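Asks: 3D model of this:
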Amino acid sequence: EVQLVESGGGLVQAGGSLRLSCTASGFNFDDYAVGWFRQAPGGEREREGVSCISDRDRNTQYYADSVKGRFTISSDSVRNTVYLQMNSLNAEDTAVYYCNVHIFTTSYWGQGTQVTVSS
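Replies: Now for the predicted structure:
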């Protein structure tokens, strides 16, 4: 069974940092790209793609314009974990953060971890 478990969220002041973790199980971790998405509070907002790391050698990373230069994605194949280091956080980063992996025709999500940035 594919499982993704996020952790590391919390309350932080503007300008602060957090590191999120996404630990995967139930599939061959290195064979798939892993992405981070976030959903801001309020209404039926869509999940926004934040960052993604490529499969296999993990040498390619993608960042949304809103987080470039502040967030860094990385992975640890031994721990089957993808990290999202978030620096210089601001109120607009407040959201529930989810990791995602797409295997064949199925998209898997974790339960999410809340990040709240106080100004």
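Asks: what about the strands in the chain?
Replies: For the chain, the strands defined by DSSP state E cover 3-7, 10-13, 18-25, 34-39, 48-53, 61-63, 71-76, 81-86, 95-103, 106-109, 113-118.
Asks: angle of the fifth one against strand 71-76?
Replies: With axes from the mean of the first three to the mean of the last three Cα atoms, to 10 degrees defining the directions, strand 48-53 sits at 40 degrees from strand 71-76.
Asks: in the chain, which residue is most central in space?
Replies: Among the residues of the chain, the one closest to the centroid is residue 36, at 2.9 Å (Cα atoms, centre = their mean).
Asks: that one bridge partners, please.
Replies: Applying DSSP bridges to residue 36 gives these bridge partners: residue 51, residue 99.
Asks: one step back: in JSON lines, list the strands of the chain along with mean pLDDT.
Replies: Below are the strands of the chain laid out as JSON lines (pLDDT from 0 to 100):
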{"stretch": "strand 3-7", "mean pLDDT": "98"}
{"stretch": "strand 10-13", "mean pLDDT": "98"}
{"stretch": "strand 18-25", "mean pLDDT": "98"}
{"stretch": "strand 34-39", "mean pLDDT": "97"}
{"stretch": "strand 48-53", "mean pLDDT": "97"}
{"stretch": "strand 61-63", "mean pLDDT": "97"}
{"stretch": "strand 71-76", "mean pLDDT": "97"}
{"stretch": "strand 81-86", "mean pLDDT": "98"}
{"stretch": "strand 95-103", "mean pLDDT": "96"}
{"stretch": "strand 106-109", "mean pLDDT": "96"}
{"stretch": "strand 113-118", "mean pLDDT": "98"}
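Asks: what's the burial count for the closest residue in space to residue 33 that isn't next to it in sequence?
Replies: In space, and not counting its chain neighbours, residue 33 is closest to residue 55: 4.8 Å by Cβ to Cβ, 6 or more residues apart in numbering. All C-beta spots, glycine's among them, are computed from the backbone N, C-alpha and C. Residues contacting residue 55 under the criterion other Cβ atoms under 10 Å number 15.
Asks: go ahead and confirm residue 55 touches residue 31.
Replies: Yes: proximity of residue 55 to residue 31 meets the contact threshold set by Cβ atoms under 8 Å, at 5.7 Å.
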